[in-house]
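1. When you get a sec, could you give me coordinates for this:
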Amino acid sequence: YQTLLMVQSMEPVPPRTLQPGVPRDLETICLKCLQKSVDRRYRTAAELADDLRRFLDGEPIRARPIGPVERAVKWAKRRKVAAALLGLSATLAIAVATATVVVWNQRLELAERNRELEANAKKLEKARDFAQQQLDDATFAYNRSTTLFDKFLFDVAHHTKDLPGSDRFQNAVLKSTGDALREFDARWPSYAPQWGSLALWYDRYGNLLLATGRYDDAETAYKRAIDYNVRLAAEHPDATIYPTNRVLVLLKLANVESGRGKSDEAAKLRAEAAKLLAGLPETALETVPGLEVRYMLGMAQANDALAKSDLETAAKALQASADVAQKLADLDGEPARKIEAISAKTLLGGLLATLNRLPEATALLEAGQRDLAKVADDSVAARKARASLAGQLGMLYDKLGRPDDVEKEYQASAKEYDSLAADFPNRPAYRVQAALAWQGLALLKLAPKDLPEAKVRYQKAKKYADGLLVDFPDHPQFKEMQATYDKSLRVIDEHLKKK
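-> The predicted model follows:
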């Protein structure tokens with residue numbers, strides 16, 4: 001039974017397994033004879049005899065050996081479970097091998113990408129370092145250019161404005177300053193970090209233009225300064241410096257309108273400044289810009305009160321301005337601040353003399369004369385202060401009945417204003433003051449009936465008024481001055497003819 005079972009279910013053992021010396025062709029013939037499938041065996045004994053003869057004669061046999069694939073298929077049919085497990089194992093092995101290859105390829109690709117990223121990172125780092133260097137260079141160049149602009153152009157313009165006969169040179173400097181400022185403005189209109197510099201520069205530029213009588217250009221500069229201070233106040237709502245500066249520049253803009261003779265426009269601007277000032281905290285008013293605002297506003301209020309002949313109110317406003325000017329001088333210590341304080345006290349002393357508060361006026365003006373002598377300064381501001389102080393002292397001495405001192409002080413005032421008007425012919429304020437000084441000297445000669453000398457002095461005053469009207473034909477104050485001098489000269493001529 002066991003033998004029959006093996007014959008039915010098992011493949012025959014290859015003879016070479018039992019006897020390695022058996023030739024391979026003979027083994028093939030034997031195995032073909034033992035195939036379980038009829039189709040795979042020899043069909044006839046003649047075919048078997050033919051293959052045996054071929055083997056004996058050394059010729060190729062017709063039977064073919066069973067290949068490994070066919071042998072595997074037969075084995076799988078006999079052992080289905082084992083074949084399934086082997087197939088699964090092979091599949092898993094193939095899957096693992098495939099996955100290993102994929103993972104390996106991914107690792108290779110990732111490594112390549114990492115190398116590329118590292119290379120790019122190095123390039124980016126170099127590019128960043130280069131960009132940083134370029135930025136540093138550009139920042140240095142920018143800071144250097146703005147420093148040169150601030151220190152060179154503005155300082156040159158500021159210092160040359162006090163040099164006699166420098167009008168042509170200063171015109172060129174102011175033009176260069178304005179051109180450069182407009183280029184900065186055009187390049188950085190939306191660059192917030194630059195707004196502070198632009199606000200300051202336009203303010204300083206406006207000061208230079210106002211001092212030289214360029215009212216239209218000064219107005220444009222001051223308005224740009226106001227615009228930037230408004231932007232800065234919106235950008236920094238907790239900072240008080242920007243609204244304070246805005247008020248300060250508004251008052252300077254009012255001075256421009258006053259210079260043009262437009263007192264109503266100047267009053268509107270001062271009212272706007274006073275309204276804005278009322279909204280500032282007290283601490284803002286104690287800063288240098290806040291003190292400057294208080295000084296300028298006090299001077300403006302004094303002028304408005306004088307225009308209404310309210311001398312007491314004007315005196316209070318001048319006293320407040322003089323106190324603030326002295327505080328600024330104490331804080332700063334610069335000669336210009338000291339001169340400003342002396343000038344404010346000079347105006348107050350003149351007004352006190354008008355109010356017949358003569359002892360106060362005398363003490364104030366003579367103290368100012370002593371203080372001014374201590375200031376080692378021959379600037380235009382100092383010269384203006386000396387001229388103004390001499391004029392106010394002359395008026396005071398007139399009230400005190402000291403005619404010799406009156407003539408002396410008025411002559412000193414006229415001489416200083418003549419000098420300023422000659423040195424700076426394009427600045428109308430000096431010509432106005434020179435005309436008023438000669439008018440005062442002419443009046444001194446009317447009382448003793450020295451009409452020829454009074455006429456000479458009025459003619460000098462009229463010459464200034466005529467020149468002012470050539471440059472400013474629509475200015476009401478200059479028209480009034482010219483009309484006054486023409487009338488006075490006609491009256492003097494009539495008296496001289498009668499005499």
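
2. Can you give me the pLDDT of Pro403?
-> For Pro403, the model assigns a pLDDT of 89.

3. try the one 3 residues further on
-> Val406 is assigned a predicted lDDT (pLDDT) of 92.

4. Then Ala376?
-> Reported pLDDT for Ala376: 65.

5. With Ala90 instead?
-> 68.

6. With just CA atoms, put stretch 290-300 into PDB.
-> Presented in PDB, the C-alpha positions along stretch 290-300 are these (Å, rounded to 0.1, in the frame of the first residue of the first chain):
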ATOM      1  CA  GLY A 290       7.100 125.400  24.800                       C
ATOM      2  CA  LEU A 291       8.900 128.400  26.300                       C
ATOM      3  CA  GLU A 292       9.600 129.700  22.800                       C
ATOM      4  CA  VAL A 293       5.900 129.400  22.000                       C
ATOM      5  CA  ARG A 294       5.000 131.300  25.100                       C
ATOM      6  CA  TYR A 295       7.500 134.000  24.300                       C
ATOM      7  CA  MET A 296       6.300 134.500  20.700                       C
ATOM      8  CA  LEU A 297       2.600 134.400  21.700                       C
ATOM      9  CA  GLY A 298       3.200 137.000  24.400                       C
ATOM     10  CA  MET A 299       4.900 139.300  21.900                       C
ATOM     11  CA  ALA A 300       2.100 138.800  19.500                       C
END
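
7. Check the average confidence over that stretch, would you?
-> Here the average pLDDT along stretch 290-300 is 90.

8. For that stretch, give me every contacting residue.
-> By C-beta atoms under 8 Å, 6 or more residues apart in numbering, the list of residues contacting stretch 290-300 from outside reads 244, 247-248, 251-252, 254-255, 266, 270, 273-274, 277, 280, 284-285, 317-318, 320-321, 324-325, 327-328, 331, 340, 344. Placement of C-beta: from N, CA and C, glycine included.

9. Also stretch 249-257?
-> Outside stretch 249-257, the residues that reach it (C-beta under 8 Å, 6+ apart) are 203, 206-207, 210, 215, 218-219, 222-223, 225-226, 229, 263, 265-267, 269-270, 272-273, 276, 293, 296-297, 300.

10. quick one: which of the contacts of stretch 290-300 sit in helices?
-> 244, 247-248, 251-252, 254-255, 266, 270, 273-274, 277, 317-318, 320-321, 324-325, 327-328, 331, 340, 344 (DSSP state H).

11. Can you select the buried ones from the residues you listed in ChimeraX?
-> Burial among those is assessed by 16 or more other C-beta atoms under 10 Å; the matching ChimeraX selection reads:
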select :244,247,248,251,252,254,255,266,270,273,274,277,317,318,320,321,324,325,327,328,340,344
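
12. gap between Glu480 and Ala465?
-> To Ala465, Glu480 is 9 Å away according to C-beta to C-beta, to the nearest Å.

13. what does Ala63 give?
-> Separation of Ala63 from Ala465 (C-beta to C-beta): 146 Å.

14. neighbour count winner among these two?
-> Neighbour count, other C-beta atoms under 10 Å: between Ala63 and Ala465, Ala465 has more, with 24 against 21.

15. Send over the host helix or strand of that one as PDB, restricted to the C-alpha atoms.
-> Secondary structure assigned from DSSP states H and E places Ala465 in helix 451-471. What follows is helix 451-471, C-alpha atoms only, in PDB (Å, rounded to 0.1, in the frame of the first residue of the first chain):
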ATOM      1  CA  LEU A 451      13.200 173.400  10.000                       C
ATOM      2  CA  PRO A 452      16.200 173.000   7.600                       C
ATOM      3  CA  GLU A 453      17.600 170.200   9.800                       C
ATOM      4  CA  ALA A 454      14.100 168.700  10.300                       C
ATOM      5  CA  LYS A 455      13.700 168.700   6.500                       C
ATOM      6  CA  VAL A 456      17.100 166.900   6.000                       C
ATOM      7  CA  ARG A 457      16.100 164.200   8.500                       C
ATOM      8  CA  TYR A 458      12.600 163.700   7.000                       C
ATOM      9  CA  GLN A 459      14.200 163.400   3.600                       C
ATOM     10  CA  LYS A 460      16.400 160.600   4.900                       C
ATOM     11  CA  ALA A 461      13.300 158.900   6.300                       C
ATOM     12  CA  LYS A 462      11.400 159.400   3.000                       C
ATOM     13  CA  LYS A 463      14.200 157.800   1.000                       C
ATOM     14  CA  TYR A 464      13.900 154.600   3.000                       C
ATOM     15  CA  ALA A 465      10.100 154.600   2.600                       C
ATOM     16  CA  ASP A 466      10.400 155.200  -1.200                       C
ATOM     17  CA  GLY A 467      12.800 152.300  -1.500                       C
ATOM     18  CA  LEU A 468      10.500 150.000   0.500                       C
ATOM     19  CA  LEU A 469       7.500 150.800  -1.800                       C
ATOM     20  CA  VAL A 470       9.600 150.000  -4.800                       C
ATOM     21  CA  ASP A 471      10.200 146.500  -3.400                       C
END
